[in-house]
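Enquirer: turn this into a structure:
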Amino acid sequence: MNLRLLGVMGALALLPSAASAATCNGTPKRGCLLPFPSNVAHTKKDKASATGRRVAFTRAEMPANAQGVHIDPTEWNRSDGFSPGQAVIVHVPSLKTQADFKRSKIVPDTDLARYRDRKQPLLLLDEQTGTRAIVWGELDANSKTNASRNLIVHPAKNLVPGRTYVVVLRFLKDKAPKGMWTSTTPAVRKALKRAKVARKSVYLAFDFTVASDKSLTNRLLSIRNDAFKQLGDTDLADGKIQGAAPKYTITAVKDFTPEENSKLLRTVTGTFEVPCYLNQAGCPAGARFHYSSSAKDALPTQMPGNVQEAPFQCNIPRAAVGAPSRIGLYGHGLLGDETQINEDNIQDMSAEQDFTFCATRWSGMAVDDVPNAIEALKDFSKFPSLPDRLQQGILNTLYLGRLLKHPDGFAANPLFAGLIDTSEEYFDSNSQGAILGGATTAVAPDWSRAVLGVATMNYGVLLPRSVDFDTYGLIFNPAYPDKGQQITILALAQMLWDRGETDAWTQHMTTVPPKNTIPHAVLMHVAVGDHQVANVMSDVEARSIDASTAELPARSDDKTPLFGIPRITSYPFHGSAAIVYWDGGNQTPLPPVTNVPNRGGADPHSFPRKTPAARQQKSDWFQPNGALTDVCGGLACRTFNFSG
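Expert: Next up, the predicted model:
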């Protein structure tokens, strides 16, 4: 974090003096994008799209930074709908304080069963059927004034791509905004009738369409399919390796004596070649996808001869001598790099469980992307370069996976020969590596089992809840000083982030893979009270991938902990998805019930991976016929340093 902090602090000195910022006071009007998102205000009909609609933001209505520069909506307007995990933002004049919110009886994240109440004020309805989606609301705790403090509505399970949903607020003190009913569509009115919602009870009702699966996934699938076709493999659904291994170069080798490192035998570093689908040679940070067509549904293409030389590092354990190690890819944390596999807990996993781990950088959100991230925080018109390069980074990870598993790849090199077992490959990750790793696993051709450590998703919801964002707030806050507007900007960003992180891929992560892809099994490990990634969004991910849970967390503020997540009744559990909460005890308080970070006590973010029992559970999952085992003796799982 120190290097990243230095980069941010250096950028602060380069910020231009703030001009008077264009303000948005949160009142429901088109110029502020609120309520957001809305089909009536923010889309238009488009027969060519899979949903029949197309996002249609104008630049004038997009948020402006302190220099008066409005966000360029061009990339957003390629989408045919909004995010499956879309944060819905509404200004309700009577909801000024957290006490107001509590009195409103809007379903909170701590009591999700209330979404079914007969007179629940907040409803999220499937427009076609009128049935309720599980949902929760919160009042933005970051806004400093009542005028910019908005209600945020969250799906508690991701919405179905391509479906249209109706947001309903009723039984509030406020009168319906003038003209609300004349702007409400017949489809909305029919949905209200199906749900038996009386018109006189309604403060606000509007609909929005979730982007189609095609709009969300086609870019990444297209570059994956083309890149593997270049290796000679067009059938990625059979789980068999065809064609050639990616090209690679070894640049350094370090052999360790037992005195130097009792866990590792050898570290191998180098680069490997991946087709590049960005619009600059070599896929540098800040580059965008290259398109050969201006059509909104166009797919990325490779400029002739354009490749990325991606770095890699592999750590071979000493245990591999005489007992060839299992192989796995490791996904690193926030804006880091491949050297994170040198951390003690990952070396412990290698030594204890005989694993060779290899890693590359998550291009798009790696250490060399920090300057571009800073520029995007100052002007979100530059933000689309991040998710574009992020999808290239996912492709890089898949290519490294092929290189590690292919018999003509690393296995054919004397440095690895006889030390690795390539019959099965696995994916392990932590933090950012898990947020991106769900999407990567959904499209992976060479591993079928993954562990997502401190797993969660949806950066647009996570960032206000993460202490990691404090550093980047030093850039974001002066650039976009209106706190109410910041939440809208992050909700907008998620529409593009979806393409390269787990939020848009939950429907494909396990037993219903995308076309030309194998199915997968996923284990989520979560740290109770995590300071960096929000537990509430881990729960949303678990519901969205139909995960089952082991024992309930040792502590919870929820009236029904892990509501809507099935319980595991016997072990070993052979299901396709599971979630396990690990608790470090009262050294860390439970997370706040508002959208702010947990700052109390010790940060448990790294506790699960440092716990031998958790590593054993991962190892048991990482078997050809792996399963979730009960390593906690039928009790809530506790970390190595639990304090009760």
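Enquirer: now the longest helix along the chain, how far from the centre of its chain.
Expert: With DSSP state H setting the assignment, residue counts place helix 385-405 as the longest helix in the chain. Counting by Cα atoms, centre = their mean, to the nearest Å, helix 385-405 is centred 16 Å from the centre of its parent chain.
Enquirer: now do stretch 279-298, average pLDDT.
Expert: The average pLDDT within stretch 279-298 is 97.
Enquirer: just stretch 421-434 next, same as before
Expert: Stretch 421-434 comes out at a mean pLDDT of 98.
Enquirer: buried residues, that stretch. List them.
Expert: Buried residues in stretch 421-434, defined by neighbour count with 16 or more other Cβ atoms under 10 Å: 421-422, 424-434. Bear in mind the C-beta positions are built from the backbone N, C-alpha and C, glycine included.
Enquirer: among those residues, which are located in strands?
Expert: 421-422, 424-430 (DSSP state E).
Enquirer: thinking again about what came up before, so the longest helix of the chain versus strand 420-430, what angle?
Expert: If you take axes from the mean of the first three to the mean of the last three Cα atoms, to 10 degrees, helix 385-405 sits at 150 degrees to strand 420-430.
Enquirer: for helix 385-405, give the mean pLDDT please.
Expert: On average, helix 385-405 scores 98.
Enquirer: likewise for stretch 448-461?
Expert: Averaged across stretch 448-461, pLDDT comes to 98.
Enquirer: excluding its backbone neighbours, what's nearest Ala87?
Expert: Once flanking residues are discounted, Ala87 sits nearest to Ala491: 4.3 Å by Cβ to Cβ, 6 or more residues apart in numbering.
Enquirer: quickly find the element holding that neighbour.
Expert: helix 483-497 (DSSP states H and E).
Enquirer: and the next helix or strand past that helix?
Expert: For helix 483-497, the following helix or strand on the C-terminal side (DSSP H and E) is strand 521-527.
Enquirer: partner strands of that following strand, with direction?
Expert: Strand 521-527 sits in its sheet next to strand 449-453 (parallel), strand 577-585 (parallel), going by DSSP bridges.
Enquirer: among these, show me which one is buried the most.
Expert: strand 449-453 (a mean of 28; mean count of other Cβ atoms under 10 Å).
Enquirer: what packs against whichever helix or strand comes after that one?
Expert: Using DSSP H and E, the helix or strand that follows strand 449-453 in sequence is helix 459-462. Helices and strands touching helix 459-462, by 3 or more Cβ pairs under 8 Å, 6 or more residues apart in numbering; DSSP states H and E, are helix 483-497.
Enquirer: the helix it packs on versus helix 385-405: what angle between them?
Expert: Between helix 483-497 and helix 385-405, the angle comes out at 40 degrees (the same axes, to 10 degrees).
Enquirer: tabulate the strands paired with strand 521-527 in TSV, adding columns for distance to Val135.
Expert: As requested, the strands paired with strand 521-527 are exported to TSV (distance: least, Cβ to Cβ, whole Å):
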stretch	distance to Val135
strand 449-453	24
strand 577-585	20
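Enquirer: so which of those comes closest to Asn625?
Expert: Closest approach to Asn625 among those (Cβ to Cβ): strand 449-453, 9.8 Å.
Enquirer: what ranges does the stretch 1-150 of the chain have for its strands?
Expert: In the stretch 1-150 of the chain, the strands defined using DSSP state E, counting those that start in this stretch lie at 43-45, 53-55, 88-90, 122-126, 135-139.
Enquirer: for Gly331, find the nearest of those.
Expert: For Gly331, the closest of the strands of the stretch 1-150 of the chain is strand 135-139, at 28.7 Å, according to Cβ to Cβ.
Enquirer: need the contact partners of that closest one.
Expert: Strand 135-139 is contacted by residues 95, 97-98, 100-101, 106-109, 112, 115, 122-124, 149-156, 593-595 when judged by Cβ atoms under 8 Å, 6 or more residues apart in numbering.
Enquirer: let me see the contact set for Leu155.
Expert: Careful, residue 155 is Pro and not Leu. Counting by Cβ under 8 Å, 6+ apart, Pro155 touches 84-86, 124, 133-135, 540.
Enquirer: from Tyr571, how far off is the closest residue to Arg54 other than its chain neighbours?
Expert: Spatially, and ignoring its direct neighbours in sequence, Arg54 is nearest to Asp46 (3.7 Å; Cβ to Cβ, 6+ apart). According to Cβ to Cβ, to the nearest Å, Asp46 and Tyr571 sit 50 Å apart.
Enquirer: got it, and Ile134?
Expert: According to Cβ to Cβ, Ile134 and Tyr571 sit 28 Å apart.
Enquirer: looking at these two, which is more packed in?
Expert: Ranked by neighbour count (other Cβ atoms under 10 Å), Ile134 and Tyr571 place Ile134 first, with 18 against 14.
Enquirer: quick check, pLDDT for the nearest residue to Ser606 once chain neighbours are set aside.
Expert: For Ser606, ignoring the flanking residues on the chain, the nearest one in space by Cβ to Cβ, 6+ apart is Asn345 at 7.0 Å. pLDDT, Asn345: 97.
Enquirer: by mean pLDDT, point me to the weakest helix or strand of the protein.
Expert: helix 2-12 (a mean of 40; mean pLDDT, DSSP states H and E).
Enquirer: for Glu440, which three-state class applies?
Expert: You called it Glu, but residue 440 is Thr. The three-state label given to Thr440 by DSSP: H, G, I helix; E, B strand; the rest coil is helix.
Enquirer: from what I see, it and Gly331 are in contact.
Expert: Yes - if you go by Cβ atoms under 8 Å, Thr440 and Gly331 touch, sitting 7.1 Å apart.
Enquirer: where do the contact lists of these two overlap?
Expert: Counting by Cβ under 8 Å, 6+ apart, the shared contacts of Thr440 and Gly331 are 397, 427.
Enquirer: looking at the two, which one has more neighbours?
Expert: Per other Cβ under 10 Å, whichever of Thr440 and Gly331 has more neighbours is Thr440, with 31 against 28.
Enquirer: could you find the closest non-adjacent residue to the more buried one?
Expert: Going by Cβ to Cβ, 6+ apart, Thr440 has Ile394 as its nearest residue, at 4.9 Å.
Enquirer: residues contacting the one you found?
Expert: Residues near Ile394 by Cβ under 8 Å, 6+ apart: 220, 224, 362, 436, 439-440, 443, 500.
Enquirer: what of Asp558?
Expert: By Cβ under 8 Å, 6+ apart, Asp558 lies in contact with 109-112.
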